[in-house]
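[1] have a look; sequence and predicted model below, questions after that.
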Amino acid sequence: MNQSFPSLKNDLLLRALKGEEVERPPVWMMRQAGRYLPQYMKLRKKYSFFERVETPELACEITLQPIDELEPDAAIIFSDILTIPQALGIDVDLVPGKGPVMGNPIRNVDDAFAILAEDVPEKLQHVMDAITLTRNELNGRVPLIGFGGAPWTLFCYMVQGEGSRNFDKAKAFLTQHPDASRHVMKELTKATIDYLKAQVDAGAQVIQLFDSWAGILSPDDFNEWSLPYLIEITKAIKEVPVILFAKGAWYGLERMSFKSGASALGLDWTISPEFGREKTRNNITLQGNFDPTHLLGPIQDIEMKTKRMIDRFGTQRYIANLGHGILPNVPVDHARAFIDTVKNYEGKK
Ligand SMILES: Cc1c2[nH]c(c1CCC(=O)O)Cc1[nH]c(c(CCC(=O)O)c1C)Cc1[nH]c(c(CCC(=O)O)c1C)Cc1[nH]c(c(C)c1CCC(=O)O)C2
């Protein structure tokens, strides 16, 4: 499926991912298309969340909003990690003020064994259409990132049935029903590989895997219930670079950098640049890790903290980003200050 797309004008992100020399680090923001942008809020009033996700023209328009407004060095397709649970038969609703709610979560062993990864890319064709359209509309301005959720994080929502601080039901399910849990993880892994490969065929130039809830697992549980599946998925995506973001899994950095085959690791703000570099022995590109709440402070502080972050990570093998998604109450000017500071970075003073 070799489609021809407009040629890429800004390849900073791809070069940083390959470990090649760059004039300055590339920058983008997790959740850069979202509620802090007035143009997003306008569309949010007219269409429901899944209408926006499932209509390629809307998903494309929303993906391009931050590119037009802030000019980061990458676009990330507007979609959600919960498309995979949907394709596996879980009903997902996004309740304003509450977050995702599943109508038929996994409650027992029978529910778990009923999960089967069949025809996933076909069921999510709208995501592929959105990617192809967006890649064309970007016209080579910046690369397009596709994404998916890690099996453990998807399992959290599918078993818990809603967002949670500690996903206690999902964690308990692992110890109560290990065989059924392993079955679900395997099906999620297969579904995710098929899905991400289809995103690459549709035009995604980089893939990011979000393990947002890795950090609630003990190191041993992470090694058993998350890492093997992250590695399997990352190794299966050979055509484009993969960024692994296992939030909170500081204890897994070493293994992820040496065993996963990822091109970069995402760090959250609880990890210092020095700790990240030491654990990965300067061997891999790191992405992160500005504390999203710091974007609520004065612009001068944002500039100072962003410069310090780059001083500490270094300009090479580094992708400037937040340590998690941008918050809805961040003023657009503050997000712009973050991005512009990276773009104007002139070295350690
Ligand atoms: C755990 C998770 C989800 N979705 C995602 C994750 C992993 C990343 C992370 O940890 O933040 C990933 C995601 N979700 C969304 C994107 C779009 C691309 C981007 O701009 O980064 C991405 C990459 C859009 C979205 N996905 C969602 C919104 C908000 C929808 C709205 O209110 O308009 C957006 C822009 C909804 C969503 N979707 C999810 C939750 C918990 C919520 C509700 C919380 C919230 O409102 O922020 C599940």
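    Ah, there it is. Numbers count the residues shown, from 1 in each chain.

[2] so where is the stretch 201-349 of the chain shaky, pLDDT-wise?
    Within the stretch 201-349 of the chain, the ranges that satisfy pLDDT under 70 run 349.

[3] and the contacts of stretch 210-222?
    With contact meaning C-beta atoms under 8 Å, 6 or more residues apart in numbering, stretch 210-222 is reached by 81, 147-150, 152-153, 156, 166-167, 171, 174, 225-226, 230, 244-252, 268, 324. (Each C-beta comes from the backbone N, C-alpha and C, glycine too.)

[4] among those, name the buried ones.
    If you count burial by 16 or more other C-beta atoms under 10 Å, the buried members of the contacts of stretch 210-222 come out as 81, 147-150, 152-153, 156, 167, 171, 174, 225-226, 230, 244-252, 268, 324.

[5] follow-up on the earlier one: filter the contacts of stretch 210-222 down to the ones near the ligand?
    For the ligand, the contacts drawn from the contacts of stretch 210-222 by C-beta under 6 Å from any ligand atom are 81, 147.

[6] mind listing which of the contacts of stretch 210-222 are in helices?
    152-153, 156, 171, 174, 225, 230 (DSSP state H).

[7] got the buried residues for stretch 256-265?
    Quick answer for stretch 256-265 (16+ other C-beta under 10 Å): 256-257, 260-265.

[8] got it, and stretch 17-31?
    17, 22, 24-31.

[9] tell me how far stretch 121-132 lies from the chain's centre.
    When distances are taken as C-alpha atoms, centre = their mean, to the nearest Å, stretch 121-132 is centred 17 Å away from the chain's centroid.

[10] what's the burial count for Pro308?
    Actually, residue 308 is Arg. It isn't Pro. 12 (other C-beta atoms under 10 Å).

[11] show me what secondary structure element comes after the stretch of helix or strand it belongs to.
    If you go by DSSP states H and E, Arg308 is part of helix 299-313. For helix 299-313, the succeeding helix or strand toward the C-terminus, using DSSP H and E, is strand 318-322.

[12] and that next one, what does it pack against?
    Applying 3 or more C-beta pairs under 8 Å, 6 or more residues apart in numbering; DSSP states H and E, one finds that strand 318-322 contacts helix 12-18, strand 285-290, helix 299-313.

[13] residues making contact with the last one?
    The list of residues contacting helix 299-313 from outside it, by C-beta under 8 Å, 6+ apart, reads 25, 272-274, 276-277, 286, 289-290, 294-295, 318, 320, 333-334, 337-338, 341-342, 345, 348-349.

[14] list the buried residues for it?
    Those would be 302, 305-307, 309-310, 313, for helix 299-313 by 16+ other C-beta under 10 Å.

[15] a markdown table for those residues, including distance to Asn108?
    Below are the buried residues of helix 299-313 laid out as a markdown table (distance: C-beta to C-beta, whole Å):
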| residue | distance to Asn108 |
| --- | --- |
| Ile302 | 48 |
| Lys305 | 48 |
| Thr306 | 48 |
| Lys307 | 53 |
| Met309 | 46 |
| Ile310 | 50 |
| Phe313 | 46 |
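
[16] closest to Thr134 out of those?
    Nearest to Thr134 out of the buried residues of helix 299-313 is Thr306 (C-beta to C-beta; 27.4 Å).

[17] any idea how far Thr132 is from that closest one?
    34 Å (C-beta to C-beta, to the nearest Å).

[18] same deal with Asp11?
    20 Å.

[19] show me where the stretch 151-300 of the chain has its strands.
    Assigned by DSSP state E, counting those that start in this stretch, the strands in the stretch 151-300 of the chain fall at 206-211, 242-246, 264-266, 285-290.

[20] so what touches stretch 153-170?
    81-82, 84-85, 88, 90, 92, 98-102, 105-106, 115, 173, 181, 184-185, 188, 192, 210-214, 216.

[21] mind listing what Gln32 touches?
    Counting by C-beta under 8 Å, 6+ apart, Gln32 has contacts 66, 70, 72, 76, 326, 335.

[22] ok, which of those also contact the ligand?
    Ile76.

[23] which pair in the contacts of Gln32 spans the largest distance?
    Every pair of these checked by C-beta to C-beta; the farthest is Ile76 and Ala335, at 14.3 Å.

[24] what about Ala337, how many neighbours?
    Neighbour number of Ala337 under other C-beta under 10 Å is 18.

[25] ok, and what's touching whichever strand or helix holds it?
    Element membership of Ala337 [criterion: DSSP H and E] is helix 332-343. Helix 332-343 is contacted from outside by 24-25, 27, 29, 32, 36-38, 69-72, 290, 295-297, 299, 302-303, 306-307, 310, 320, 322, 326, using C-beta under 8 Å, 6+ apart.

[26] how much space between the nearest residue to Pro105 once chain neighbours are set aside and the ligand?
    Distance criterion C-beta to C-beta, 6 or more residues apart in numbering; nearest residue to Pro105, sequence neighbours excluded, is Gly161 at 3.3 Å. To the ligand, Gly161 is 13 Å away according to C-beta to the nearest ligand atom, to the nearest Å.
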